[in-house]
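Undergrad: Sequence and predicted structure, then a few things I'm wondering about:
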Amino acid sequence: MNFATVELAEQDRVFAQELRAFLAAVVTEDVIARDRRSGENFAEEVHLALGAAGYLERDFRPESDGGFTPVQRRIFELEIGRAHTPWFHWGTTAMVASAVDRFGSDDLRDEILPRVLSGHYRLCLGYTEPEGGSDVATCRTRAVRDGSGWIINGAKMFTSNAHNAHFVFLITNTDPQAHKHQSLTMFLVPLDAPGVEIQPLRTVDGDRTNITYYSDVRVEDRYRIGPVNGGWAVLREALNVEHGTVERDDGGLQKLATMTEHALLLAEEIDRVAGEVPSDGRLADGAVGYRLGRGIARLEAALSSPGMFGRVAIAQTLRDITGDLMDIGGVAAAVPDGLRAEYLFRLAGPTGIYGGTLEVFRNMIAQHALGLGRPVYAAPKRP
Ligand SMILES: Cc1cc2nc3c(=O)[nH]c(=O)nc-3n(C[C@H](O)[C@H](O)[C@H](O)COP(=O)(O)OP(=O)(O)OC[C@H]3O[C@@H](n4cnc5c(N)ncnc54)[C@H](O)[C@@H]3O)c2cc1C
């Protein structure tokens, strides 16, 4: 691994300065405080400003099509995180927009993409169902042909950002008799269609997500993404992006793993706690120094772990270290106060669940990275 400092060329230094000034102007203290209070992970004025300035489009497109260079992309990701930009909705929006770009009709692409890149349309994921989400291919939400369109009935759990989005990328079952991987069809369902209901759901960290219900929702066939009963191939690409298992670029600048933004928040908090401790003399207590040192070492290791390994290491480290940081902070650390250890402690649970649970990721590592074969859950045979 090459740990050399990247020397920025003049145009990249200017890019970083302009971006930092831009974010400082739009992601104000007020925006950050409102975001923490509401748990929305979204501020429309910030999103529209990023769209109007062309940042969303350059983030979405490859360099060959007017997008960021790899250095600019890295700077962009880091600065967005450092500014505490409400941001998680862009990951799902960009993921779904890529599926529309790749698998949608020309008409649909022309309708959706310009509005996504200007910030006016947001897109969310409708995968998980009340009966379970780890096995996304087991889908009960039904889509049935009706003349030139489809009628959809069902329910989805944890449809995050649906209340700030315009379309949901919905997995439907269009052939209940078929094998599950040959039964799926993907749709981009307008969230203002009659029959769609969005109900709020709070997670333990105070963030807002939703349950969405679909009752006789009529969708035109033009909103179908990919072939009928061929949704698994469409979905797999989007899942690979979400799981962080896509091919890495050659430059080594690409984000190492998904969810590094949470690890960067944790790094800020460890630095803050470590900075406070020496002044009150507690570092003389070897246990405090040991726990801080162990936390920093764990975090560095997590931040250096790529792909699925990094995804697991970041969430597990967040779970393991935040309790230590609260302990070191004492009683005061239990009082909710912005992006401090107390909030990160609550965030650690959901971080190991959404986008795939830690157990499922560990199985994927065992099976695909270590070649240990599929796990068997059958009861052991009696001798
Ligand atoms: C904050 C948050 C936001 C989310 N946002 C979205 C979203 O926008 N869109 C969306 O569609 N979903 C979203 N989800 C859902 C998320 O993807 C699922 O919660 C996750 O995939 C797990 O599914 P489940 O909750 O149904 O648990 P289940 O699949 O029912 O699993 C229950 C338990 O069994 C374990 N388990 C299941 N299968 C296996 C296995 N094969 N091997 C070992 N252990 C297993 C799991 O690890 C878990 O502990 C979100 C979830 C959260 C918490």
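TA: Looks like it arrived, so ask away.
Undergrad: The protein: helices as residue ranges?
TA: 10-26, 29-38, 44-52, 55-60, 70-82, 88-103, 106-117, 231-243, 260-276, 286-303, 307-329, 341-351, 358-364 (DSSP state H).
Undergrad: near the ligand at all, the helix or strand bottoming out on mean pLDDT in the chain?
TA: Sorting the helices and strands of the chain by mean pLDDT, DSSP states H and E puts helix 231-243 at the bottom, at a mean of 87. No - Helix 231-243 is not in contact with the ligand by CB under 6 Å from any ligand atom; minimum separation 8.7 Å. For every residue, glycine as well, the C-beta is placed using N, CA and C.
Undergrad: so residue 237 makes contact with residue 100?
TA: No - applying CB atoms under 8 Å, one finds residue 237 not in contact with residue 100, separated by 11.8 Å.
Undergrad: In terms of packing, which of the two has more residues around it?
TA: Each of residue 237 and residue 100 has its neighbours counted (other CB atoms under 10 Å); residue 100 has more, 22 against 16.
Undergrad: ok, and the closest non-adjacent residue to that one?
TA: Nearest non-adjacent residue to residue 100, counting by CB to CB, 6 or more residues apart in numbering: residue 112, 5.2 Å away.
Undergrad: Check residue 273 too.
TA: In space, residue 273 is closest to residue 325, 5.3 Å off (CB to CB, 6+ apart).
Undergrad: What distance do you get for the one you found to residue 39?
TA: For residue 325, the distance to residue 39 equals 21 Å [CB to CB, to the nearest Å].
Undergrad: what does the stretch 1-150 of the chain put close to the ligand?
TA: Residues of the stretch 1-150 of the chain lying near the ligand (CB under 6 Å from any ligand atom): 124-128, 132-134.
Undergrad: if we go to 5 Å?
TA: Neighbours of the ligand within the stretch 1-150 of the chain, by CB under 5 Å from any ligand atom: 125, 127-128, 132-134.
Undergrad: and the gap between the nearest residue to residue 202 once chain neighbours are set aside and residue 158?
TA: Nearest residue to residue 202, sequence neighbours excluded (CB to CB, 6+ apart): residue 208, at 6.3 Å. If you measure residue 208 against residue 158 using CB to CB, the figure is 11 Å.
Undergrad: Also residue 73?
TA: For residue 73, the distance to residue 158 - CB to CB - is 28 Å.
Undergrad: does the residue nearest to residue 202 really touch residue 35, like I thought?
TA: No - applying CB under 8 Å, one finds residue 208 not in contact with residue 35, separated by 10.7 Å.
Undergrad: what sits in contact with each of those two?
TA: Shared contacts of residue 208 and residue 35 (CB atoms under 8 Å, 6 or more residues apart in numbering): residue 41.
Undergrad: For the stretch 201-350 of the chain, give me the ranges with low pLDDT.
TA: Across the stretch 201-350 of the chain, the ranges flagged by pLDDT under 70 are 244-250, 279-283.
Undergrad: residues in it within reach of the ligand, list them.
TA: Residues of the stretch 201-350 of the chain lying near the ligand (CB under 5 Å from any ligand atom): 203, 209, 350.
Undergrad: sorry, back to before: tell me, how many residues neighbour the residue nearest to residue 100?
TA: The burial count for residue 112: 21, using other CB under 10 Å.
Undergrad: which residues does it contact?
TA: 97, 100, 104, 121, 123, 167, 188.
Undergrad: Mind putting those into a markdown table with distance to residue 25?
TA: Below are the contacts of residue 112 laid out as a markdown table (distance: CB to CB, whole Å):
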| residue | distance to residue 25 |
| --- | --- |
| 97 | 26 |
| 100 | 31 |
| 104 | 35 |
| 121 | 24 |
| 123 | 27 |
| 167 | 30 |
| 188 | 33 |
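Undergrad: how about those, which pair is most distant?
TA: 104 and 121 (13.2 Å; CB to CB).
Undergrad: Who has more neighbours out of the two?
TA: residue 104 (24 against 19).
Undergrad: Tell me how far stretch 255-263 lies from the chain's centre.
TA: Distance of stretch 255-263 from the chain centroid (CA atoms, centre = their mean, to the nearest Å) equals 10 Å.
Undergrad: okay, how far is it across it, tip to tip?
TA: Counting by CA to CA, to the nearest Å, you get 12 Å between the two ends of stretch 255-263.
Undergrad: what comes up buried for it?
TA: Under the neighbour-count criterion of 16 or more other CB atoms under 10 Å, stretch 255-263 has 255-263 buried.
Undergrad: Quick check: closest non-adjacent residue to the closest residue to the ligand within the stretch 201-350 of the chain.
TA: Across the stretch 201-350 of the chain, the shortest distance to the ligand (CB to the nearest ligand atom) belongs to residue 350, at 4.0 Å. Among residues not flanking residue 350 along the chain, residue 203 sits closest, at 5.1 Å (CB to CB, 6+ apart).
Undergrad: Return the residues in contact with residue 6.
TA: Residue 6 makes contacts with 71, 74, 253, as judged by CB under 8 Å, 6+ apart.
Undergrad: Now do the first one against residue 77, distance only.
TA: When distance is defined by CB to CB, residue 71 is 11 Å away from residue 77.
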